[in-house]
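> Provided below are the primary sequence and the corresponding predicted coordinates.
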Amino acid sequence: MAPTDADLVARVLLDDDRDAFAQIVRRHQSPVRSLLRRLSCGDTALADDLAQETFLRAYRGLAGFRGDARLGTWLHRIAYRTFLDEAVRRRDELGRELADDEAPDAREGADLRMDLEQAMRFLSPAERTAIALAFGRDLSHEEVATVLDCPVGTVKTHIARGKDRLRRRLLAWRGAAVEG
Amino acid sequence: MDPIEEMMREEIQDGGFTLRVLTALPPRRARPRVRGAVLFASAAAAGTVAIVLASDPLSAILRPLVTGAATPAALAGLALALLATWACAGLATSD
């Protein structure tokens, strides 16, 4: 039987067991990298750099993991903070959402998935994270609140506002494509 | 799902990322047990030296020698003890 996350964490803390930490990374790398790709608007190289930094921070701070949230949620929280730190370092070039007048041209013929990818760039990092985790990873609102370090009510607002902005953006593009 | 298939899927998704993280980790810390043994050995050695120096009859015998050959010998002993401690600590962190 595969060891639980709690077993692996205990092995890392007790004996600095690198095999156990490798299992933690292998088990959680996919969702963490996926969230960071979403936040970095598809910049895979940057997302993987930030994911690496996320796991290094997790390794250094593992003693602070109390187990009251799932390990995956705790790692997402570190990933989100790592992204925000990088956005501050780059003077918000990463963290800001696009303004309406920066909208790319109507994407005739592009499929909905690609449109959605583009439309996510119009959301704030918190909205992007809330939507990516709630819809992409099926995290509960409480878990998303833990990741974003905000009240559940704020998460609901982020999701509702994000969905609304995505819908308006997609409809605008669809309308322009039909007219064109 | 077939475990082999699951392992392959994990490996393909991972794409060397786990290895990249592992190589970026800091060096392994010494195991607490070995560190404890080194500390205990150092403390025991220091205690023995203190007892020898504090006991009156031995001090009386050694006192005339302290200014002569005993000082370089003690310094050489101390250097050897430090070297042994350093070697033990190196072995503890090297696996």
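Right, received. Where do you want to start?
> contact partners for A:Arg26?
Contacts for A:Arg26 (C-beta atoms under 8 Å, 6 or more residues apart in numbering or on different chains) come out as B:Glu10, B:Asp14, B:Thr18. For glycine as for every other residue, the C-beta is placed from the backbone atoms N, C-alpha and C.
> what is the nearest of those to chain A?
B:Thr18 (4.5 Å; C-beta to the nearest C-beta).
> pretty sure that closest one is touching A:Ile24, no?
No: assessed by C-beta atoms under 8 Å, B:Thr18 is found out of contact with A:Ile24, at 9.2 Å.
> show me which of those two is the more surrounded one.
A:Ile24 (23 against 20; other C-beta atoms under 10 Å in any protein chain shown).
> and the gap between that one and A:Thr73?
14 Å (C-beta to C-beta, to the nearest Å).
> same question, A:Thr154
16 Å.
> what about the two, which has more around it?
A:Thr73 (19 against 16).
> now the more buried one: closest residue in space, sequence neighbours ignored.
A:Glu143 (4.9 Å; C-beta to C-beta, 6 or more residues apart in numbering or on different chains).
> measure stretch A:55-64 end to end?
For stretch A:55-64, the first and last residues are 14 Å from each other (C-alpha to C-alpha, to the nearest Å).
> mean confidence score for that stretch?
For stretch A:55-64, mean pLDDT is 95.
> now the helices for chain B?
B:3-14, B:17-24, B:32-54, B:56-65, B:71-93 (DSSP state H).
> the ones you listed: lowest mean pLDDT?
helix B:56-65 (a mean of 66).
> where does pLDDT dip in chain A?
Scanning chain A for pLDDT under 70 picks out A:92-114, A:176-180.
> mind doing that once more with 50?
Along chain A, no part satisfies pLDDT under 50.
> just list what the longest helix seen in chain A packs against, helices and strands only.
Using DSSP H to define each element, chain A has its longest helix at helix A:152-179. Using 3 or more C-beta pairs under 8 Å, 6 or more residues apart in numbering or on different chains; DSSP states H and E, the elements in contact with helix A:152-179 are helix A:112-119, helix A:125-131, helix A:141-148.
> now stretch A:120-132: buried residues?
A:Met120, A:Arg121, A:Phe122, A:Leu123, A:Pro125, A:Ala126, A:Glu127, A:Arg128, A:Thr129, A:Ala130, A:Ile131, A:Ala132 (16 or more other C-beta atoms under 10 Å in any protein chain shown).
> farthest-separated two in those residues?
Spanning the widest gap among the buried residues of stretch A:120-132 are A:Arg121 and A:Ala130, at 15.4 Å by C-beta to C-beta.
> ok, the spatially closest residue to A:Arg27 that is not a sequence neighbour - contacts?
Counting by C-beta to C-beta, 6+ apart, A:Arg27 lies nearest to A:Asp5, which is 7.5 Å off, once chain neighbours are set aside. Contacts of A:Asp5 were listed using C-beta under 8 Å, 6+ apart, and they are A:Ile24, A:Arg27, A:Arg70, A:Leu71, A:Gly72.
> can you tell me which of those are buried?
By 16+ other C-beta under 10 Å, the contacts of A:Asp5 give A:Ile24, A:Arg27, A:Leu71, A:Gly72 as buried.
> can you give me the neighbour number for B:Arg28?
Neighbours of B:Arg28 (other C-beta under 10 Å): 14.
> can you check the pLDDT for it?
pLDDT, B:Arg28: 82.
> which residues of chain A lie near chain B?
Listed as neighbours of chain B in chain A under the rule C-beta under 8 Å from any C-beta of the partner chain: A:15-16, A:18, A:21-22, A:25-26, A:29-30, A:33, A:48, A:51-52, A:55-56, A:59.
> one step back: ok, the residue nearest to A:Arg27 to A:Gln23 distance?
Counting by C-beta to C-beta, the gap from A:Asp5 to A:Gln23 is 9 Å.
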